[in-house]
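Undergrad: kindly generate the corresponding structure for this input.
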Amino acid sequence: MATLEIRDLHVSVADGSDGTKEILRGVDLTVKAGETHAIMGPNGSGKSTLAYAVAGHPKYEVTSGAVTLDGEDVLAMSVDERARAGLFLAMQYPVEVPGVSVSNFLRTAVTAVRGEAPKLREFAKEMKKAMDDLSIDPAFAQRSLNEGFSGGEKKRHEILQMEMLQPRIAVLDETDSGLDVDALKVVSEGVNRFSGADTGVLLITHYTRILRYVKPDFVHVFSGGRVVAQGGPELADVLENEGYEKYAKAGVS
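TA: Next comes the predicted model:
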């Protein structure tokens, strides 16, 4: 039973003038296996900063606070150690890696996480099933990673990675961004297949439309680098009807 705990997390980034700007200002959050948490809020509220800080992006400096996975200090781990420990980040803007095929990338990633290379025939069978579930053309496996991919293809590939790696906690940063309705349904089905008793999901989104297909257990509203409101799935309906304006004031110190 995986548990990700974030306690009083403060994170800063370089502001471009030899100084730093604090983005997260004391975030508390607990994600347990079997739970789906939705992080919502306006642009610039700190949602993506939380995702990248947890994943270990070097641009984001944790100035105080703690992040643990089953009691283990995540902040003391390197990026690859976090992945092997069971943390996964689906990025809002996946990077292109020319010359590295999707198939080779996935097999390398699976080998790193599992500690041994899967037999080629078994891996191919496993990858084909995961691709079929996401309505991905088999030829996709030989394309260079994210090179020339449409927005929908990039997001489907992120979910394909998640299904192949089977992390304990998945952080999904605006996975619904840029998706048409059909792609949104396919991606949402992938998230729903992944979520279960042994896994937890932290779903970061600006809009409520993905929550029509992925039902969260908890909704947290970000503003000004803090969690300013939280509740059950009904909170998403309130946000759909009322927007974020009233929460913006709560995030101002």
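Undergrad: all the strands of this protein, residue numbers only.
TA: 3-14, 20-32, 36-40, 61-69, 72-73, 87-90, 97-101, 144-145, 169-173, 200-205, 218-223, 226-231 (DSSP state E).
Undergrad: of all those, which one is nearest Thr108?
TA: Closest of the strands of the chain to Thr108 is strand 97-101, at 8.5 Å (criterion: C-beta to C-beta). From N, CA and C alone the C-beta is placed, and that goes for glycine too.
Undergrad: what comes up buried for that closest one?
TA: Under the neighbour-count criterion of 16 or more other C-beta atoms under 10 Å, strand 97-101 has Ser101 buried.
Undergrad: paired strands for that strand, with orientation please.
TA: In the sheet, strand 97-101 lines up against strand 144-145 (antiparallel) (DSSP bridges).
Undergrad: of the strands of the chain, which approaches Val181 most closely?
TA: strand 200-205 (15.5 Å).
Undergrad: strand partners of that closest one, parallel vs antiparallel please.
TA: Assessed with DSSP bridges, strand 200-205 is paired to strand 36-40 (parallel), strand 169-173 (parallel).
Undergrad: now Thr208: how far from His57?
TA: Separation of Thr208 from His57 (C-beta to C-beta, to the nearest Å): 27 Å.
Undergrad: tell me which of those two has more neighbours.
TA: Thr208 (19 against 16; other C-beta atoms under 10 Å).
Undergrad: what's the burial count for the residue lying closest to that one once chain neighbours are set aside?
TA: Closest residue in space to Thr208, ignoring its immediate chain neighbours: Glu240 at 4.5 Å, by C-beta to C-beta, 6 or more residues apart in numbering. Glu240 has 14 neighbours, counted by other C-beta under 10 Å.
Undergrad: now swap in Glu96 and tell me
TA: Neighbours of Glu96 under the rule other C-beta under 10 Å: 12.
Undergrad: in space, what's closest to Val74 - neighbours in sequence excluded?
TA: Val67 is the one closest to Val74 (C-beta to C-beta, 6+ apart), at 4.2 Å.
Undergrad: please list all residues in contact with the one you found.
TA: 4-7, 9, 53-54, 73-75 (C-beta atoms under 8 Å, 6 or more residues apart in numbering).
Undergrad: so what pLDDT did Ser144 get?
TA: Listed pLDDT for Ser144 reads 95.
Undergrad: go on, Lys249?
TA: We have a pLDDT of 67 for Lys249.
Undergrad: still on that earlier bit, turn the contacts of Val67 into a markdown table, including neighbour count, pLDDT and distance to Ala33.
TA: Below are the contacts of Val67 laid out as a markdown table (neighbours: other C-beta atoms under 10 Å; pLDDT from 0 to 100; distance: C-beta to C-beta, whole Å):
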| residue | neighbour count | pLDDT | distance to Ala33 |
| --- | --- | --- | --- |
| Leu4 | 24 | 97 | 9 |
| Glu5 | 16 | 98 | 13 |
| Ile6 | 21 | 98 | 16 |
| Arg7 | 14 | 98 | 19 |
| Leu9 | 24 | 98 | 21 |
| Ala53 | 27 | 96 | 21 |
| Val54 | 27 | 96 | 16 |
| Asp73 | 10 | 98 | 19 |
| Val74 | 23 | 98 | 16 |
| Leu75 | 14 | 97 | 21 |
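Undergrad: if you drop the residues flanking it in sequence, what lies closest to Leu179?
TA: Leu179 sits nearest to Gly152 (C-beta to C-beta, 6+ apart), 5.5 Å away.
Undergrad: quick one: that neighbour from Ile159, how far?
TA: From Gly152 to Ile159 the distance is 11 Å (C-beta to C-beta).
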